[in-house]
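>>> here is my input, please return the structure:
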Amino acid sequence: MRTEERREYFRIHAFARVGFRPLAVGDLDSARRRIRARNVPAILSPGSTTEAGLSAERRIELDLLRHIALTLERIDRRMEDTLARRSATALGACKYAPVEISLSGAGFSGPFELSIDSDELVEVDLDLWESGLPCIPAIARAVASTAEDPRINSFCFEELHPEDEDQIVRLTLQSQLRL
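Below you'll find the predicted structure:
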């Protein structure tokens, strides 16, 4: 398998709402601390229970509980988004819309066409639309597609909570297994 094919194997196409905030030099440390200190509920973290001694029935129950926890988290986010959209509409602002992105544990790309410099750092909120994962905050570095095209469409993760990275990789592998 060629390197390019291997790289594509660990990449999925998904719908996501992506929020970007440019980072000033002084804001970088505080943004990193926010991401590192983020609390992931214990039921969602991969190492929260050891599954070695569990029966198949208990593993199914554990998977079901994780799915329920993620679904409740998603419902909660949707309710917050609806309330925010209502207040934003009243103010004449608009919330970012879902777009199709290409995602891997190393980064993501999509039709963003942002007017920022290559290698510039941004704070990112990834809401992976219907995947069931909680919103993923990260710090990403802008990657130029070509020298002739100044628009930025790709980002590589600079700072990502390890459990979020595990969830992205797991989602990618699960999606690939279904194909």
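
>>> what pLDDT, on average, does the longest strand seen in the chain get?
Selection of the longest strand in the chain by residue count, based on DSSP state E, yields strand 12-22. Averaging pLDDT along strand 12-22 yields 86.

>>> list of residues touching the following helix or strand past it?
Toward the C-terminus, strand 12-22 is succeeded by helix 28-37 as the next helix or strand (DSSP states H and E). Around helix 28-37, the neighbours that count as contacts under CB atoms under 8 Å, 6 or more residues apart in numbering are 23, 121, 123, 137-139, 159-161. In this view, the C-beta of every residue, glycine as well, is placed from N, C-alpha and C.

>>> swap in stretch 101-114?
Contacts for stretch 101-114 (CB under 8 Å, 6+ apart): 7, 10-16, 18, 20, 99-100, 126, 128, 140, 142-143, 151-157, 165, 168-169, 172.

>>> quick one: buried ones out of those residues?
11-12, 14, 16, 18, 20, 126, 128, 140, 142, 152-155, 157, 168, 172 (16 or more other CB atoms under 10 Å).

>>> report pLDDT for Arg38.
According to the model, Arg38 scores 65 on pLDDT.

>>> next, Val122: secondary structure please.
strand (DSSP: H, G, I helix; E, B strand; the rest coil).

>>> how far away is the residue nearest to it when sequence neighbours are not counted from Ile101?
Take Val122 and drop its neighbours on the chain: the residue closest to it by CB to CB, 6 or more residues apart in numbering is Phe20, 4.9 Å away. Applying CB to CB, to the nearest Å, the value for Phe20 to Ile101 is 12 Å.

>>> repeat that for Thr71.
Thr71 is 22 Å from Ile101, by CB to CB.
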